[in-house]
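> Okay, sequence plus prediction incoming.
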Amino acid sequence: MGARGKLRVYLGVAPGVGKTFAMLEEGHRRAARGTDLVIGLIECHGRTKTEALVEGLEVVPRRELVYRESTFTEMDLDAVLARGPEVALIDEFAHTNVPGSRHDKRWQDIEELLDAGIDVVSTVNVQHLESLNDVVERITGVPQRETVPDEVVRRADQIQLVDMTPEALRRRMAHGNVYAPEQVDAALGNYFRVGNLTALRELALLWLADRVDEGLAQYRHDHDITDTWEARERVVVALTGGPEGDTLIRRAARIATRVGKGDLLAVHVSKSDGLTGASPEALSRQRTLVESLGGSYHQVVGDDVPTALLEFARGVNATQVVLGTSRRRGWQWVLGPGVGQTVTRDSEDIDVHIVTHERAGQGRGLAKVAGTALSVRRQAAGWLMAALGPPLLTFALAHLRPHLGLSSDLLFFLALTIGVALAGGLWPAIAAAIMGCLLLNWYFTPPLHTLSVARLENALALVVFVALAVAVSSVVDLAARRTNQASRSNAEAETLSLLATSVLRGANALPALLERVRETFGVTSVALLEQSGGSWVTVGTTGPDAALRPDDADVQAAVNDTYVLALRGRVLPAADRRVLSAFASQAAAALEWRRLAQEARQARRLAEGNKIRTALLAAVSHDLRTPLASIKASVSSLRQDDIHWDPADEAELLATIEESADRLDGLVANLLDMSRLQTGVVTPLTRPVTLEEVVPAALAGVPESRTEVDVPETLTPVAADPGLLERALANVVENAVRYSTGRVLITGSELRFGRGPDRVELRVADRGPGVPDRDKEQIFEPFQRLGDVPHGTGVGLGLAVARGFVESMGGTLQAEDTPGGGLTMVFSLPMIGKEVQ
């Protein structure tokens, strides 16, 4: 028996990426090298480019099968075996054969060909792999009934990935290169959504990466390489802000590295009351360490630390969690299980590593509050009172000993301790309580001048005094800290209220938001960055030297999966990051507002375009057909052989043709100009222009007897495009001449305002019927004739085009009443010496 054939599989990330096309291209390359090659079966699905590649290759005819009174075609396995080529191209590796075939599956047909020594090139999509079948169904909602065992595909000698970005594949579909036009919209809105295609692409890449890992493992075995690489992992390390954090981070990084390029994520759980024992400086340093090791830092809020930690781990699909050995002292275990024990118990399928460190079992110490609750000055005053108060009180009470008992002395010392707590906080008060206890015992508790206590009730009184003093001092200190927290929360609330009411308004929402961030946190610059194509693009900035990448920033806050707020100037304390997160949320809202505004503008443009098209169709139905009908009638009359026209009649018909052609030319010109204005492609070439070079050209098509010009030659040049200004003036003058009962007057003058920009006015006054004030703006809208103009004289575009041209040059065109009756059109253009240099 000869050698087994080799199998090459083109693995597609989704239908339509071009795996069949790639297989056929390989067939042509092999055939060109002289390889004996046939097509065992190909499915072109009506794609013309794929069908074109079939030409030039030998195709084995299909076999027909009848099943349930229907005829189907399948690959003729016996014919391919009888032909005995070196290579066979066989499409759709996972296909299920029609009942009655030799094998149930096409991959089994291919196995028989391989056993016969024939090399096979085939294709399969990732959704047909058996191990991914259920995953693909959850992602796409479409069950895959045709599958192939992963092991069969893994045995292939070569697997070639056929990849394409979701956007490129959707464009290919939109162009009709994958499905028929009537199927494209449904496919793009269902199976071929960007999210589905991205997930399928990731599945294909990961599956193929595993196949590569198998090849590497075989290579290491063949070459006696003992270092093994495990599967990819995602390792989460929990940080408390304590000194053991560095040890945990490095240990987690080693775990992630040892399992082969695993992801490292560090997370700190802060309680919602803001009074955690985390040191902002330590967390900032540990964050830098995590990022230097290729990991990412995260912070979440949760009063139940184990629950918050596990929720985060599951949210990022973590496979391992690294915790430090508890710093609890032995007696503290009576308070309940620690974080490590709880996480281990509730982790389920997540592996938990408990890492020992030098601070294990040494206690946490007293919590430090970010932003000390009491000022340094008050703490100094407290320590001074703790040092001097008890001796001075002892001296005073010693002189009152005949009049006061021990209970009174205890109350005086308790009052002193509370006063020290109010002034300097907990620790000075504890010191004052201990010193007071000793002085009370020495000077006021029998036997005097000794630390022994004769009566049990006095000893209990001293113990209760110390306990009460410490408890009251703790409460006072906690109240001070809560007051500080409340003040900060009030400031945060005011900031967020101001943000909500004054920032997110109108088109300037995003710049205002960035400026508010810079002012609130006292940083030098703020940038909003967007990740696009593997690089970062600046969406908006405020302040100098803004960050161009998140790595360049001192502080960064994720807005969403694409956008990041990057701050430079200082590192923010942990308490400020909560407010920054709120700003990030508002940034997301501002971006959404901008997107909706853009969509609204686009919708308005589409609506206006539809309105223009509707009016245009109405105009074409009569106004454009009228001159065409006149031209056709005149030409038909001149071409009649049975009628002899005298020169006068012939001249009249030719004049009618010329007049109708001129009218048609004007109508088409206005239509084209309005189309340019509507699409925003009019770009004026502004330069200094004198009116005396524009007015004569604009009046060239108007009889001299119908106009009167009074434009001084001394007028200052204006900033305008001479071609556009000429067209605008010609349209206005022609409109005025058409309806004026007298001569149309064109005058020019200068307007100088002192503070404002100086202008040149050009007035076109007619003696027509005029226009009511309520309709003066309406006449500038496209296809507006106000019902007072007979059909056949235009489509109502002349004034709309004129105003569009004038406004594109920075000028204005307004309608006013002519004194004595009529309408005056006023052009206002900037002088060259003021706005354009």
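Good, I have the coordinates.

> in the stretch 551-700 of the chain, which spans are helices?
In the stretch 551-700 of the chain, the segments counted as helices under DSSP state H, counting those that start in this stretch are 574-619, 625-639, 647-679, 691-698.

> Can you tell me what sits against the helix or strand containing residue 539?
Under the criterion of DSSP states H and E, residue 539 resides in strand 535-542. Strand 535-542 is contacted from outside by 510-511, 514-515, 517-518, 525-531, 546, 548-550, 563-564, 591, using Cβ atoms under 8 Å, 6 or more residues apart in numbering. No exception for glycine: its C-beta is placed from N, CA and C like everyone else's.

> go with 10 Å
The set of residues external to strand 535-542 that reach it, using Cβ atoms under 10 Å, 6 or more residues apart in numbering, is 510-519, 523-532, 546-552, 559, 562-564, 566, 587, 590-591, 594.

> Please apply the same query to stretch 23-31.
Here stretch 23-31 makes contact (Cβ under 10 Å, 6+ apart) with 8-10, 18, 35-39, 42, 44, 49-58, 86-91, 119, 121-123, 160, 162.

> run the last query once more with 6 Å
The contact list for stretch 23-31, computed with Cβ atoms under 6 Å, 6 or more residues apart in numbering, reads 10, 37, 53, 57, 87, 89, 121, 123.

> go on, stretch 345-360?
Contacts to stretch 345-360, defined as Cβ under 6 Å, 6+ apart, come from residues 243-244, 247-248, 251, 310, 313, 320-325, 327, 340, 343-344.

> ChimeraX command to pick out the buried ones of these?
A single ChimeraX command is used to select the members of the contacts of stretch 345-360 judged buried by 16 or more other Cβ atoms under 10 Å:
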select :244,247,248,251,310,313,320,321,322,323,324,325,327,340,343,344
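
> what ranges do the helices span in the stretch 1-150 of the chain?
Using DSSP H, counting those that start in this stretch, helices in the stretch 1-150 of the chain cover 19-32, 48-54, 77-83, 106-115, 133-140, 150-154.

> now for the third one, which elements pack on it?
Counting contacts by 3 or more Cβ pairs under 6 Å, 6 or more residues apart in numbering; DSSP states H and E, helix 77-83 is packed against no other helix or strand.

> And it, what's buried?
Of all the residues in helix 77-83, those buried under the rule 16+ other Cβ under 10 Å are 77, 80-81.

> just to revisit the earlier point, give me the buried entries from the contacts of strand 535-542.
Here, 16+ other Cβ under 10 Å leaves 510, 512-518, 523, 525-529, 546-548, 550, 559, 563-564, 566, 587, 590-591 buried among the contacts of strand 535-542.

> For residue 160, grab phi and psi.
Main-chain torsions, residue 160, degrees, to the nearest 10: phi -110, psi 120.

> Just give the number of residues close to the nearest residue to it once chain neighbours are set aside.
What sits nearest to residue 160 in space, not counting adjacent residues and going by Cβ to Cβ, 6 or more residues apart in numbering, is residue 10, at 5.1 Å. Residue 10 has 24 neighbouring residues, counting by other Cβ atoms under 10 Å.

> and if you look at residue 723?
When counting by other Cβ under 10 Å, one arrives at 14 neighbours for residue 723.

> Setting aside sequence neighbours, what's the nearest residue to it?
Closest to residue 723 by Cβ to Cβ, 6+ apart is residue 685, at 7.9 Å.

> picking up where we left off before, which strand residues bridge the residue nearest to residue 160?
With DSSP bridges applied, residue 10 shows beta-bridge pairing to residue 123, residue 160.

> distance of it from residue 58?
Residue 10 is 20 Å from residue 58, where distance means Cβ to Cβ, to the nearest Å.

> for the strand holding residue 539, the distance to its chain's centre please.
Strand 535-542 sits 12 Å away from the centroid of its parent chain (Cα atoms, centre = their mean, to the nearest Å).

> now stretch 19-37
A distance of 43 Å separates the centroid of the chain from that of stretch 19-37, by Cα atoms, centre = their mean.

> Now that stretch: buried residues?
Across stretch 19-37, burial judged by 16+ other Cβ under 10 Å covers 19-24, 26-27, 30-31, 37.

> what about residue 117, neighbour count?
14.

> ugh, typo on my part, it should be residue 572
For residue 572, the neighbour count with other Cβ under 10 Å is 19.

> Next: residue 458.
18.

> So what does it look like in phi/psi?
phi -70, psi -40.

> Same question for residue 765.
The phi/psi pair for residue 765 (degrees, to the nearest 10) reads phi -110, psi 130.

> if I look at residue 12, how far off is residue 108?
Separation of residue 12 from residue 108 (Cβ to Cβ): 21 Å.

> more neighbours, the two?
The neighbour count for residue 12 versus residue 108, taken as other Cβ under 10 Å, is higher for residue 12 (25 against 15).

> could you list every residue that touches that one?
19, 125, 162.

> With pLDDT and distance to residue 602 as added columns, please give those in JSON lines.
Listed next are the contacts of residue 12 as JSON lines, based on pLDDT from 0 to 100; distance: Cβ to Cβ, whole Å:
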{"residue": "19", "pLDDT": "90", "distance to residue 602": "37"}
{"residue": "125", "pLDDT": "91", "distance to residue 602": "36"}
{"residue": "162", "pLDDT": "91", "distance to residue 602": "35"}
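
> hang on, the earlier thing: list just the one of the helices of the stretch 1-150 of the chain that sits closest to residue 376.
Closest to residue 376 of the helices of the stretch 1-150 of the chain is helix 133-140 (Cβ to Cβ; 58.8 Å).

> Could you list the residues in contact with the closest one?
Helix 133-140 has contacts (Cβ under 6 Å, 6+ apart) with 127, 143-144, 147, 191, 196, 199.

> wait, what's in contact with residue 153?
residue 9.

> Mind giving me the ChimeraX select for the contacts of helix 133-140, buried ones only?
If you want just the buried ones from those in ChimeraX, going by 16+ other Cβ under 10 Å, the selection is:
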select :127,144,147,191,196,199
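
> Closest to residue 477 out of the contacts of helix 133-140?
Within the contacts of helix 133-140, distances to residue 477 taken as Cβ to Cβ reach their minimum at residue 199, with 53.6 Å.

> so which strand or helix has that closest one?
Residue 199 is part of helix 194-222 when elements are defined by DSSP H and E.

> same question for stretch 705-721, mean pLDDT?
Averaging pLDDT along stretch 705-721 yields 90.

> Stretch 767-781 now?
86.
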